[in-house]
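J.: model this:
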Amino acid sequence: MACFLMAMGIASTTTAFAHKIDAKYHINWLNMLLWGGSAGLALEHVAHGEIVGSFPFLTAVSEGNTMGMLGEIATTGTAMVAACVATWAVMVWVANRHSADASTKAATQ
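T.: Here you go, the predicted structure:
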């Protein structure tokens, strides 16, 4: 229904504050994961008729299933964001570890 809205909200926040986050955290990677996931899911929802071009845009709301939609945002959206953050955290850890290993090797040679 609208689970992509959770990731889109987080992506908006991380994009807005990206300039304040240290480069070693590669926040742009997290932004790409979140925006890409949001765009992909939004496109899928449009293809399946869950998002329409007229107000209220989400068929769940027009059908009176607003609480179900909010529940999906809370559960599926949170799981999607958690998966993106976990993937990003592993990527950052590997990149920073690799960078530290390369610096150590260069310093000893």
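
J.: buried ones in the helix or strand containing Val81?
T.: Take DSSP states H and E as the rule and Val81 turns out to sit in helix 78-108. Residues of helix 78-108 classed as buried: Met80, Val81, Cys84, Trp88, Val92 (neighbour count, 16 or more other CB atoms under 10 Å). Using the backbone N, CA and C atoms, a C-beta is placed for each residue, glycine as well.

J.: and the nearest residue to the third one once chain neighbours are set aside, what are its phi and psi?
T.: Of all residues beyond its chain neighbours, the one nearest Cys84 is Leu33 (4.3 Å), with distances taken as CB to CB, 6 or more residues apart in numbering. Recorded main-chain torsions at Leu33 are phi -60, psi -50, according to degrees, to the nearest 10.

J.: Can you tell me the SS state at the closest residue to Val61 other than its chain neighbours?
T.: Distance criterion CB to CB, 6+ apart; nearest residue to Val61, sequence neighbours excluded, is Met69 at 6.5 Å. Put simply, Met69 is helix when judged by DSSP: H, G, I helix; E, B strand; the rest coil.

J.: show me the contacts for Met69.
T.: Neighbour list for Met69: Met1, Ala2, Leu58, Ala60, Val61 [criterion: CB atoms under 8 Å, 6 or more residues apart in numbering].

J.: Now, of those residues, which are buried?
T.: By neighbour count, with 16+ other CB under 10 Å, those hold Met1, Ala2, Leu58, Ala60 as buried.

J.: Just give me the closest of those residues to Thr15.
T.: Ala2 (19.7 Å; CB to CB).

J.: helix, strand or coil for the closest one?
T.: The three-state label given to Ala2 by three-state DSSP is coil.

J.: for it, phi and psi?
T.: Per degrees, to the nearest 10, the backbone of Ala2 is at phi -150, psi 30.

J.: wait, it sits on Glu72?
T.: Yes: when contacts are counted by CB atoms under 8 Å, Ala2 is listed as touching Glu72 (6.7 Å).
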